[in-house]
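# Next one to model:
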Amino acid sequence: MMFIGIMSGTSLDAVDAVIVEFNNHNCRLVAHHNVALPKPLKSTLLELVHSGEDEINRMAKADILVAEHIAHTIHQLLAQSGITADNIKAIGSHGQTIRHLPQLSTTLQIGDPNRIAQLTGITTVADFRRRDMAAGGQGAPLVPAFHASLFQSEQHQRLVLNIGGIANITYLPADTTQPVIGFDTGPGNCLMNEWAELSFQQPYDRQGQIAQQGCIHPELLQRLLADDYFTLELPKSTGREHFHLAWLKHHLNQLASISPEDVMATLCELTAVTIADSCLRVAPSCNELYVCGGGVHNTYLLQQLKRHLPGVDVGSTAKLGVDPDYVEAMAFAWLAKQTLEHRPGNLPSVTGASEPVILGGIYFAR
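Residues are numbered from 1 along each chain as shown. Now for the predicted structure:
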């Protein structure tokens, strides 16, 4: 069985699309493709993360544009792979998050699945997070269930780290009777990307080159680390609603002028420290950390992680045979499969839901 997985994350850089073949308990990445978000659409989505004038109409328009961009990406993926829509069982589409408010037990991802199904002719599964919230969970992160199915080993305890706009970790104990733990650690790339755009007119800090030119500003770092999110008990999840450019500027305004390079170095350290602290909090004896997501390409960030986690082998999921750029998209192909097979897709030990539940709504193409 082949499924398409679609991921458009908090980094707001591109739509990732994969074709995944499932055979018994194995899965294989057959093809992958990504298409950058057009700049006007990215700007619209960034504005929608926060309340503003006429936001319902703006959201409705963006809902259509995101769906059309996803369908366009899928058509390109199929054309490049030589696989026809008839060979795809379903699409699993995460959608683009514009609100994630676990404290209010609500979340919103746009990218109309009706339109995706209509434009592609492929049954589409979407809106994965809200059923978990209805069962009392955070609605995120959902990918740890896929991590467990793909990476868990009875010989090794492992940590899997996804560094997207927001970073999240999954702890996979070797003893499979023990619960899997997963949660959002805090900012991944989102603050660094926004600062790179604002101060250096670059979409991101390529390989951490800007951060390497600066020095960590201790007072700014301590102000950022004092945020209540970092000491919250599990389960927990977060998003751009909490960690965004205005949040950073609020702290910068309380301090004397800091060079842009020093701010970038401090933001990189914030990401590294909060990830490392989270790893040590849940798995102090684990010595394997596998990284996926866009942050895997920030070599300076990975160096900082290794500095904070001495004795831990930090590498990418490629070591486990899975392309680190497409783990999340693969997860939503898997989640679509779980839904169509009437199987739960959440882990209550991760999200805090009262029970495992079948996630998502199904939008049949025919």
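# so V160 touches Y290, yeah?
Yes: using CB atoms under 8 Å, V160 is in contact with Y290, at 5.2 Å. Every C-beta, even on glycine, is put in place using the N, C-alpha and C of the backbone.
# who has more neighbours, the two?
V160 (28 against 25; other CB atoms under 10 Å).
# Look at I4 and give its secondary structure.
Put simply, I4 is strand when judged by DSSP: H, G, I helix; E, B strand; the rest coil.
# returning to what we had before: overlap in contacts, V160 and Y290.
Jointly contacting V160 and Y290 under the rule CB atoms under 8 Å, 6 or more residues apart in numbering are F151, T317.
# helices and strands of the chain: which one has the lowest mean pLDDT?
helix 39-48 (a mean of 92; mean pLDDT, DSSP states H and E).
# Show me how far the very next helix or strand once past that helix is from its chain's centre.
Reading on from helix 39-48 to the C-terminus, the next helix or strand found by DSSP states H and E is helix 55-81. Helix 55-81 sits 18 Å away from the centroid of its parent chain (CA atoms, centre = their mean, to the nearest Å).
# mean confidence for helix 55-81?
Averaged over helix 55-81, pLDDT sits at 97.
# Could you pull out the buried residues of that helix?
Buried residues in helix 55-81, counting neighbours by 16 or more other CB atoms under 10 Å, are found at 58-59, 62-63, 65-71, 73-74, 77-78, 81.
# What is the nearest of those to S105?
M59 (19.6 Å; CB to CB).
# Look up how far I166 lies from the closest residue to E55 other than its chain neighbours.
Nearest residue to E55, sequence neighbours excluded (CB to CB, 6 or more residues apart in numbering): L48, at 6.4 Å. In this view, L48 and I166 are 17 Å apart by CB to CB, to the nearest Å.
# higher neighbour count, those two?
Neighbour totals were compared for L48 and I166, and I166 leads with 28 against 20 (other CB under 10 Å).
# okay but the more buried one is in contact with T238, surely?
Yes: assessed by CB under 8 Å, I166 is found in contact with T238 at 6.1 Å.
# do you know how far G111 is from G164?
Taking CB to CB, one finds G111 at 16 Å from G164.
# more crowded one of the two?
A count of neighbours by other CB under 10 Å puts G111 above the other of G111 and G164, at 27 against 22.
# Surely the more buried one and L41 touch.
No: G111 is beyond contact range of L41, at 10.9 Å (criterion: CB under 8 Å).
# partners of D184 in the sheet?
Per DSSP bridges, the residues bridged to D184 are N168.
# ok, it - contacts?
Counting by CB under 8 Å, 6+ apart, D184 has contacts A140, P141, I166, A167, N168, K236, S237, T238, G239.
# Helix, strand or coil: sort out the first one for me.
Secondary structure, three-state DSSP: A140 is coil.
# Backbone torsions only: list them for it.
phi -170, psi 160 (degrees, to the nearest 10).
# Excluding sequence neighbours, find me the nearest residue to it.
Going by CB to CB, 6+ apart, A140 has S237 as its nearest residue, at 4.0 Å.
# surely that neighbour meets V143?
No: taking contacts as CB under 8 Å, S237 lies outside contact range of V143: 11.4 Å.
# before we move on, back to that, spell out which residues are contacts of both of G111 and L41.
By CB under 8 Å, 6+ apart, the residues touching both G111 and L41 are V66, H69.
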